[in-house]
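> predicted coordinates and the sequence they were generated for:
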Amino acid sequence: MAVSAFTPIIRTTPSPSFTIPTSSSSFLTKPRKVKPFLLTKQSLPPISAALSDPFVLQIAESLEDSLPSSSSSSNLQKLRDFASESLLSTPWPSRKDEPFRFTDTSFIKQSDIIPVSFPIKHESLNNLSVFEDTQWLNLTIVDGYVVDSLSQLLGLPVGVFVGGFSSIGSEEITKRVLEFLAGNEQGDLFWSLNGVGSPELVVVYVPEGCKVEGLLHLRYVSNEGSDKGSKKLPVSNPRVLVVVEKGGEIGILEEYMSGDGDLSYWTNSVMEVVVGEEAKVSHSYIQTQSLNSAHIKWTSIRQERSSTYELVEVSTGGKLSRHNVHVQQVGSDTITGLSTFHLSGNDQTQDLHSKIVLDHPRGFSRQLHKCIVAHSLGQVVFDGNVKVNRYAQQTDAGQLTRSLILEPRATVNVKPNLQIIADDVKCSHGASICDLEEDQLFYLQARGIDLQTARKALILSFGAEVIDKFPSNDLQKKVELHVKKLLDPQVDVEKSV
């Protein structure tokens, strides 16, 4: 059994040949009917021009050209301008870059990246129902576009808005949303590509003192894709902004699913969450996309005084799946909980990069990361950073990552990181990587349970600590059954239900 905590199994792949775009079609110089997203090459400082990555600029240009005209003329222009400008000096990440040291993105770079087509072909969505549970509010987003005919938002409390930015009818909400729409310097290349290519901004707004009952289900469907083995990789860029005002509460379920089997595609998603004073956001996140897809997700959270944010995540899909979570404390007495479970059951990479920055007193945070690697070519990456700055006195922060390796040559790379500058704190972190323990198996065998059954029971219970944190019993059962099916394809779905 090969167990690696810090050294991955590295497979080098030659970089593909690439032709630099000519000046007549360059993202920097192409004539546009609307305000250009980027500065012209003539106006660029020499340093910025030298740092430009032709591959990145080619993607950005194709994303820009794919946007509908209505999107280009909206108030999203400020976001696009900021994202476009940052792309001028942002190269495609390589294994030499510390944030991507263990994450190989060559799967994307070696593909022919094309934006999803517009408008959406609705006849291809016939296999989707409006929603399985009418008790939950539901918004369906297909390849980055809101599909109202597959959504159910009846019963929203007064003052709550859920929908596209262009559909906001309140000047007050529009003004409030625009306050948080400016560029975020903490994002990376994929954050900026989303800013350039997102066709519309989905807004969830909860006014002061309002509590939304039940869950708001944001269902993301990747409908357009290429067949397995094809070099074409359609890319979509969903973007969501959640603003919960003082004392408000909402539960959000993000579910990323594949629209049709094992298609190849790239979902490049961003969600920003603003949690106001004394507000609470419960965030559930499920990712079960195609095993031939790339899934890159950014979740950025801003917590104001006495606010609560809780994330429960289960990720099992994607050939390459990476979730970047950034939590910024902007007020005292905040509560933050991050619970994640990743399963790499095939030749796939599951990656979680998280960062919690505490700048104010009496912050409380708990992070639990658990993963199972059940394939010899599977890989899991965890890079968790908790930073307790000078004025974050009386902070209580804890971080734990636990990994279960079930196959030889499977790889786990973990990097828990706790930085403390304050002197009056209570902080801890820990990590473990192992196979099933012999004493646990012996305990069950001594009670008449055969070895195979004992192993299955222990493996399934490993992720239950996270799955049980989902806010709905039905949701817990749904995810548990999905994990069982992946770990043991012989599971009888009907009997399990």
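Structure's in. What do you need?
> CA only for contacts and neighbour counts going forward, please
Noted.
> contacting residues around the helix ranked longest in the chain?
Assignment by DSSP state H gives helix 451-467 as the longest helix of the chain. Here helix 451-467 makes contact (Cα atoms under 8 Å, 6 or more residues apart in numbering) with 312-314, 339-341, 370-371, 436, 441, 444-445, 476, 479-480, 483-484.
> count the residues that sit near Leu436.
Residues near Leu436, counting by other Cα atoms under 10 Å, number 15.
> likewise for Ser282?
If we define neighbours as other Cα under 10 Å, then Ser282 has 18 of them.
> what mean pLDDT does stretch 239-248 get?
What stretch 239-248 shows for mean pLDDT is 97.
> confirm that Gly78 sits in a strand.
Just to correct that, residue 78 is Lys rather than Gly. No. Using DSSP: H, G, I helix; E, B strand; the rest coil, the assignment for Lys78 is helix, not a strand.
> distance of it from Val196?
Remark: distance between Lys78 and Val196 (Cα to Cα, to the nearest Å) = 10 Å.
> where does Gly331 land in three-state SS?
Looking at Gly331 with three-state DSSP, the answer is coil.
> was I right about it contacting Arg305?
Yes. If you go by Cα atoms under 8 Å, Gly331 and Arg305 touch, sitting 4.0 Å apart.
> now Ile356, what's its secondary structure?
Classified using three-state DSSP, Ile356 is strand.
> give me the number of residues near it?
22.
> that one: what's it in contact with?
His326, Val327, Gln328, Gln329, Asn385, Val386, Lys387.
> the residues you listed in strands, which ones?
His326, Val327, Gln328, Gln329, Asn385, Val386, Lys387 (DSSP state E).
> closest to Val273 among those?
Val327 (9.4 Å; Cα to Cα).
> report the beta-bridge partners for that closest one.
Ile301, Ile356 (DSSP bridges).
> tell me the contacts of it?
Ser300, Ile301, Arg302, Gln303, Lys355, Ile356, Val357.
> top of those residues by neighbour count?
Counting by other Cα under 10 Å, top hit in these: Gln303 with 28 neighbours.
> hmm, back to that, could you export the longest helix of the chain as PDB, CA atoms only?
Extracted C-alpha coordinates of helix 451-467, given in PDB (Å, rounded to 0.1, in the frame of the first residue of the first chain):
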ATOM      1  CA  LEU A 451     -14.700  -9.600   6.500                       C
ATOM      2  CA  GLN A 452     -16.200  -8.300   3.300                       C
ATOM      3  CA  THR A 453     -19.400  -7.000   5.000                       C
ATOM      4  CA  ALA A 454     -17.300  -5.500   7.800                       C
ATOM      5  CA  ARG A 455     -15.200  -3.600   5.300                       C
ATOM      6  CA  LYS A 456     -18.200  -2.200   3.500                       C
ATOM      7  CA  ALA A 457     -19.900  -1.100   6.700                       C
ATOM      8  CA  LEU A 458     -16.800   0.700   8.000                       C
ATOM      9  CA  ILE A 459     -16.100   2.400   4.600                       C
ATOM     10  CA  LEU A 460     -19.700   3.700   4.300                       C
ATOM     11  CA  SER A 461     -19.700   4.900   7.900                       C
ATOM     12  CA  PHE A 462     -16.500   6.800   7.300                       C
ATOM     13  CA  GLY A 463     -18.400   9.500   5.300                       C
ATOM     14  CA  ALA A 464     -21.500   9.400   7.400                       C
ATOM     15  CA  GLU A 465     -20.100  12.000   9.800                       C
ATOM     16  CA  VAL A 466     -20.300  14.600   7.100                       C
ATOM     17  CA  ILE A 467     -23.500  13.300   5.300                       C
END
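> next, the buried residues of it.
Ala454, Arg455, Leu458, Ile459, Leu460, Phe462, Gly463, Ala464, Val466, Ile467 (16 or more other Cα atoms under 10 Å).
> that one: what's the following helix or strand?
helix 473-487 (DSSP states H and E).
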